[in-house]
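Peer 1: Here is a sequence together with a model predicted from it:
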Amino acid sequence: MIAFVTQRLAQSLIVVLVLSMVLFVGIWLIGNPVDVLISSEATEADRLAAIKALGLDRPIWEQYLVFLGNAAQGDWGTSFVYKEPVTRILLQRLPASVELALVAFAIAIGLSIPAGLYAGLRPDSPLAKGFMGFSLIGVSIPTFWQGMLLIIAFGIAMPILPVGDRGDVATHFGITTSLWTLDGWRHVVLPAFSLALLKMSLLIRVTRAATVEIARLDFVKFAFAKGVRTWRVVFVHILRNALVPLITVIGIELGNLLAYGVITETVFSWPGLGKLLINSIKVLDRPMIVAQLTYTALLFVAINFLVDILHMTIDPRMRSVMGRRST
């Protein structure tokens, strides 16, 4: 176990380093931020002074090494646009993205797993077919279009929910979030549901497929033949084994919720990291873009690591497989 964890940590570090290098070079190739940040009427001397002030006059490899050394110390640089440390700006925007992702995650898990479990156990029932039809619609409709339909339905036609900003925030137990207030919940419900729709569709289908496959196995049939209560067979035998593929999908989708809520945050004017990333790309705010995308890479690497640990905990067969790989 220790050898596996050590090996995965080393692999994760290499992945993050390679991704940060690719991101840094890729953003450097997009264009010169000075072309966007300074006036077109500026003189060549002003332009050269701005390039030097931003550290863009150095070779690309030197800029990357400086970035890497500072990042190792927790310094992600200073935003070209906001003139503030990138870390401070990200920490200001992070709570909004986290609360949106957590509410969307709770909606997706709370609705999709029971629906997928029912659809797998009663595949021919009208309700199961309705769940599968809903999942097909959710996968087919683009996220931005779902968001606009929800805004039209619940923000304009039936103006019962607000469609922009976070609403009122409050601080309790040292945590500042809009989820402590009723107005905050009114603001988060619509974008969270929009963000959860695609995840719900995917999780319903994965849960149903796993349930159908496991329900056909001999140990499940044997449990029913022994007279074991239905709820125990469903939750102990079927759902527990279905969690093995589900955990992988849930882990990836949680990372997507935290890192790629760009479209939803833009449509609903949600002041989170996704909207910040779009604005940063528009003005080529290189430190902000690199920091956010590197954060995304770190997030997915950490989630994949935790998913492997959970696999080994839930499924004992994985321990022998991982043990052979690490030797």
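Peer 2: That came in fine, so what should we check first?

Peer 1: tell me which residues of stretch 156-174 are tucked away?
Peer 2: Of the residues in stretch 156-174, those with enough neighbours to count as buried (16 or more other Cβ atoms under 10 Å) are 161-163, 166-167, 169. For the C-beta atoms, the positions are set from N, CA and C on the backbone; glycine is no exception.

Peer 1: low-scoring pLDDT stretches of this structure, where are they?
Peer 2: Counting by pLDDT under 70, the ranges of the chain that qualify are 1, 4, 36, 39-40, 259-260, 311, 314-327.

Peer 1: 90 instead?
Peer 2: Across the chain, the stretches falling below the confidence threshold (pLDDT under 90) are 1-102, 105, 108-109, 112-113, 116-125, 128-129, 131-184, 186-187, 194-327.

Peer 1: What's the biggest helix in it, counting residues?
Peer 2: Across the chain, the helix with the greatest residue count (assigned by DSSP state H) is helix 86-121.

Peer 1: Return the set of buried residues in the helix or strand that it is followed by.
Peer 2: Scanning the chain past helix 86-121 towards its C-terminal end, the next helix or strand to appear is helix 126-140 (assignment: DSSP states H and E). Of the residues in helix 126-140, 128, 131-132, 134-135, 138 count as buried by neighbour count, 16+ other Cβ under 10 Å.

Peer 1: Including distance to residue 176, could those residues go into a markdown table?
Peer 2: Listed next are the buried residues of helix 126-140 as a markdown table, based on distance: Cβ to Cβ, whole Å:
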| residue | distance to residue 176 |
| --- | --- |
| 128 | 42 |
| 131 | 37 |
| 132 | 41 |
| 134 | 36 |
| 135 | 36 |
| 138 | 32 |
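
Peer 1: Relative to residue 17, which of those is nearest.
Peer 2: Within the set of the buried residues of helix 126-140, residue 138 lies nearest residue 17; the separation is 36.8 Å, counting by Cβ to Cβ.

Peer 1: Could you double-check that that closest one lies in contact with residue 195?
Peer 2: No - counting by Cβ atoms under 8 Å, residue 195 is not a contact partner of residue 138; they are 11.7 Å apart.

Peer 1: what about residue 214, neighbour count?
Peer 2: Residues contacting residue 214 under the criterion other Cβ atoms under 10 Å number 19.

Peer 1: Same check on residue 295?
Peer 2: Residue 295: 17 surrounding residues under other Cβ under 10 Å.

Peer 1: Against residue 87, how distant is it?
Peer 2: 10 Å (Cβ to Cβ, to the nearest Å).

Peer 1: mind checking how far the host helix or strand of residue 145 is from the chain centre?
Peer 2: Here residue 145 is covered by helix 143-151, with elements defined by DSSP H and E. Computed by Cα atoms, centre = their mean, to the nearest Å, the chain-centroid distance of helix 143-151 equals 19 Å.

Peer 1: Repeat that for stretch 250-257.
Peer 2: Stretch 250-257 sits 5 Å away from the centroid of its parent chain (Cα atoms, centre = their mean).

Peer 1: For it, give me every contacting residue.
Peer 2: Surrounding stretch 250-257, the residues in contact under the criterion Cβ atoms under 8 Å, 6 or more residues apart in numbering are 100-101, 104-105, 108-109, 195, 199, 202-203, 296, 299-300, 303-304, 306-307, 310.

Peer 1: show me the contacts for residue 97.
Peer 2: With contacts defined as Cβ under 8 Å, 6+ apart, the neighbours of residue 97 are 258, 261, 265, 270, 272-274.

Peer 1: Which ones among these lie within strands?
Peer 2: Using DSSP state E, the subset of the contacts of residue 97 located in strands is empty.

Peer 1: from memory residue 134 sits against residue 203, does it?
Peer 2: No - under the contact definition of Cβ under 8 Å, residue 134 does not touch residue 203, with a separation of 11.9 Å.

Peer 1: Excluding chain neighbours, give the residue nearest to residue 169 in space.
Peer 2: With Cβ to Cβ, 6 or more residues apart in numbering as the criterion, residue 169 has its nearest non-adjacent residue at 4.7 Å, and that residue is residue 178.

Peer 1: Next, the buried residues of stretch 14-33.
Peer 2: Taking 16+ other Cβ under 10 Å as the basis for neighbour counts, the residues of stretch 14-33 that come out buried are 16, 19-20, 23-24, 27-28, 33.

Peer 1: quick check, nearest of the residues you listed to residue 58?
Peer 2: Of all the buried residues of stretch 14-33, residue 58 sits closest to residue 28, with 11.2 Å by Cβ to Cβ.
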